[in-house]
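S.K.: fold the following.
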Amino acid sequence: GVEDVTHEKLKLMEENEKLMTLLEEQHVLLDEQVRNVGEAQEELTAAKEELEETKRARAQAEAVADTATRDASDAIARAQAASMGVAANHRARAQENLKLLNGLVGEAKLELKELRAEAESIKTAVPLMSAYCMNQLQGYFA
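M.R.: Now for the predicted structure:
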């Protein structure tokens, strides 16, 4: 009678306590997943910003290379004019300018090459980060 009811009541209370503990653990895991997804999204955003920055830097490097190429063409034209009878010291100065400009063009091309390689590596990183985020989100909603 009364003992059975009390025993049943105690059993139900124990069961309820276990369920509450499990629920609490689920909450902790869920919070952790939400945090992980947030962090992954931040990393993805950072990677996208880095890619944009690299694109801007590459555009600047290309502009520098274009300018240097134009300057080199002008220097070549001046050097040709100098070789057609202008004073020898003008020719020497034009050749020095040309050497400097060729050096700048070489540096700009090298910088451009490095930026392109960096952009490529970031381009491959972004889809990986997206996949990671999606994976986290699927785990969160599962």
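
S.K.: what's the burial count for Ala79?
M.R.: Ala79 has 19 neighbours, counted by other CB atoms under 10 Å. C-beta here means a position set from N, CA and C on the backbone, and glycine is covered the same way.

S.K.: so what's it closest to, chain neighbours aside?
M.R.: Ala94 (4.2 Å; CB to CB, 6 or more residues apart in numbering).

S.K.: tell me what the helix or strand containing the one you found is packed against?
M.R.: For Ala94, the host element (DSSP states H and E) is helix 88-141. Secondary-structure packing of helix 88-141 (3 or more CB pairs under 8 Å, 6 or more residues apart in numbering; DSSP states H and E): helix 2-83.

S.K.: which residues are in contact with the residue nearest the centre of the chain?
M.R.: Most central in the chain under CA atoms, centre = their mean is Ala47, positioned 3.0 Å from the mean C-alpha point. By CB atoms under 8 Å, 6 or more residues apart in numbering, the contact set of Ala47 is Ile122, Ala125, Val126, Met129.

S.K.: of those, grab the buried ones for PyMOL.
M.R.: Those of these that count as buried under 16 or more other CB atoms under 10 Å are selected in PyMOL with:
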select buried, resi 122+125+129
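
S.K.: between the contacts of Ala47, which is nearest Gln26?
M.R.: Of all the contacts of Ala47, Met129 has the smallest distance to Gln26: 27.4 Å, by CB to CB.

S.K.: hmm, that closest one is touching Ala40, no?
M.R.: Yes - because the distance of 6.9 Å satisfies CB atoms under 8 Å, Met129 is recorded as touching Ala40.

S.K.: shaky segments in the protein?
M.R.: By pLDDT under 70, the low-scoring segments of the chain are 82-83, 85-87, 91.

S.K.: could you rerun that using 80?
M.R.: Low-confidence segments of the chain (pLDDT under 80): 79, 81-92, 142.

S.K.: what residue of it is the furthest out?
M.R.: The centre of the chain is farthest from one residue, Gly1, which by CA atoms, centre = their mean lies 71.5 Å away.
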